[in-house]
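> fold the following and give me the result.
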Amino acid sequence: MNRSFSLILLSVAAVALIADLPAHAKFEKSSSVGDQTIHVERDLSGRIILSAASCDILESQVTGLSDWSTKLGDNHSAGAACTCEEGNEGNEKCQVDVTKVVPDVVRKLQGFLPEYTGPNCWNAALVIGKIVPELRYSDPSEMTFWLDSPLCRELPADEKSKAGDIVAVRDKDGVEQHAYIYVTEQIAFSKNGAENTAPYTLESPWNVLFRYDVREGCRKVLGDVDPRCPNYTNFYDCEPLDDFMSGLKTAPTQKFQETSSEVSDVEMQLSNLALHGDHKKYLFFSTKQNPSALKAALTNRIAVLRMISEEEVKKPHTADEEFLWKSLTVRLDSTAQQIKDIE
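Got it, this is the predicted structure:
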């Protein structure tokens, strides 16, 4: 594998800009599944702490979080010590610090609010699954494209869900409504909406399903959909894009590598603007350039790259090459929408 191709893979895997997220703010959220309530807290030091009525409840969450990190290939601790103390009403309160157990991206994103509207649920699931490299808006058609791609396998109804599976919420016509990451039966990771008031957060999957009107009996449907279900879920096991690309028998062409690198660069700069609203961090523009000029420059680059990828899709290619060029097209469509969401 040549050096430029390796750099493309590293760019996809790194999610570079997430490392520049600002200092942590205190964030708390409680979630209930049946008679089990799990409280998630991110304190000012950045620690992520789970609390519940017993260590038994928490230990199963630690296992799920660890399995998720393992699937993503992140360095993490396989376990964490659970401690308990008597609460104000005589009830036992137990807690565990999972900061070193959760995937790297969750450690950075938990409780985070973007500067602008745009970064949404579909993109969060794709970034966390290491399918796309940057936090931004993702069009529902982009989500459908990736879930129907060679990277993802839809789980049959009788296959047990695993930590890290992507859950697609769709209406009865198959239109994408939401997506989140399954961790355990008690914990999911979701960004509920594209608004800049919607945080990235660990929470109860039942809270997410209630929000998006997924009812009992409308989950893990494969094949026909019960017409009584306004929305339903499908579960997907997806591999990171760099894993898929490293397994290709023939490396992509030099033209694809160069175009892909350009697309990743545009996404990185646009993500930085959407997350931080700080144009001074860009690599290829003067720090004196205002955001309006930067938006115009990025819009022009997106248009040029979109034209290149569209023309390549029309040419004869192997199935893998056609898929890769189409993937650039759908990514560029989403970035064009993200530009519009930035004032």
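> pLDDT score for Lys172?
In this model, Lys172 is scored at 86, pLDDT.
> need phi/psi at Gly170.
Small correction: residue 170 is Arg, not Gly. Dihedral angles of Arg170 (phi, psi; degrees, to the nearest 10) stand at phi -130, psi 160.
> wait, doesn't it sit right on Pro230?
No. Contact criterion CB atoms under 8 Å: Arg170 and Pro230 do not qualify, at 10.4 Å. (Glycine included, C-beta is placed from N, CA and C.)
> more neighbours: which of those two?
Arg170 (24 against 13; other CB atoms under 10 Å).
> what bridges to the more buried one?
Arg170 has these beta-bridge partners by DSSP bridges: Glu176, Tyr232.
> show me where the stretch 201-343 of the chain has its helices.
For the stretch 201-343 of the chain, the helices defined by DSSP state H, counting those that start in this stretch cover 205-211, 241-246, 254-276, 291-314, 319-341.
> which residues are in contact with the fourth one?
Looking back up the chat, that one is helix 291-314. Residues outside helix 291-314 that contact it (CB atoms under 8 Å, 6 or more residues apart in numbering): 255-256, 259, 262-263, 266, 269-270, 273, 277, 279, 282, 285, 289, 322, 325-326, 328-329, 332-333, 335-336, 339, 342.
> might you report the residue contacts of Ala124?
Shown in contact with Ala124 (CB under 8 Å, 6+ apart): 109, 135, 179-181, 189-191, 200.
> and it, that one's in a helix?
Yes. Membership of Ala124 in a helix is supported by DSSP: H, G, I helix; E, B strand; the rest coil.
> mind checking how far it is from Glu262?
According to CB to CB, to the nearest Å, Ala124 stands 24 Å off from Glu262.
> swap in Met307?
Note on Met307: its distance to Glu262, by CB to CB, is 12 Å.
> so Ser161 is in contact with Leu155, correct?
Yes. At 6.8 Å, Ser161 counts as touching Leu155 under the criterion of CB under 8 Å.
> hmm, back to that, with distance to Glu85 added, can I get the helices of the stretch 201-343 of the chain in CSV?
Below are these laid out as CSV (distance: least, CB to CB, whole Å):
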stretch, distance to Glu85
helix 205-211, 27
helix 241-246, 43
helix 254-276, 37
helix 291-314, 49
helix 319-341, 45
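> looking at the ones you listed, which is closest to Cys218?
helix 205-211 (8.7 Å; CB to CB).
> tell me the secondary structure at Ile38.
Assigned by three-state DSSP, the conformation of Ile38 is strand.
> er, Gln61 actually
helix.
> quick one: contacts for the residue lying closest to Pro252 once chain neighbours are set aside?
Of all residues not flanking Pro252 in the chain, Leu324 sits nearest, at 5.9 Å (CB to CB, 6 or more residues apart in numbering). By CB under 8 Å, 6+ apart, the residues touching Leu324 are 245, 252, 256, 260.
> which residues do Arg170 and Pro230 both contact?
Counting by CB under 8 Å, 6+ apart, no residue touches both Arg170 and Pro230.
> show me the shaky parts of this structure.
The chain contains residues with pLDDT under 70 at 1-28, 30-35, 87-90, 220-224, 278-291, 343.
> domain ranges for it?
In terms of domains, the chain is parsed into 3-21+244-341, 27-105, 113-239 (source: automatic domain parsing).
> mean neighbour count, those: which tops it?
domain 113-239 (a mean of 20; mean count of other CB atoms under 10 Å).
> just the endpoints, please. Distance across it?
27 Å (CA to CA, to the nearest Å).
> cool, and stretch 113-126?
End-to-end span of stretch 113-126 (CA to CA): 18 Å.
> which of the contacts of Leu324 lies closest to Asp226?
For those, the nearest to Asp226 is Met245 (37.9 Å; CB to CB).
> gap between the residue nearest to Arg107 when sequence neighbours are not counted and Arg170?
Nearest non-adjacent residue to Arg107, counting by CB to CB, 6+ apart: Thr99, 6.3 Å away. Distance, Thr99 to Arg170, by CB to CB: 34 Å.
> Lys130 too?
23 Å.
> go on, Leu324?
According to CB to CB, Leu324 and Arg170 sit 26 Å apart.
> Cys94 sits in which helix or strand?
strand 92-97 (DSSP states H and E).
> can you list the strands that that strand pairs with?
strand 48-52 (antiparallel), strand 82-86 (antiparallel).
> out of these, which gets nearest to Lys315?
Set against Lys315 and scored by CB to CB, the strands paired with strand 92-97 come closest in strand 48-52, at 47.5 Å.
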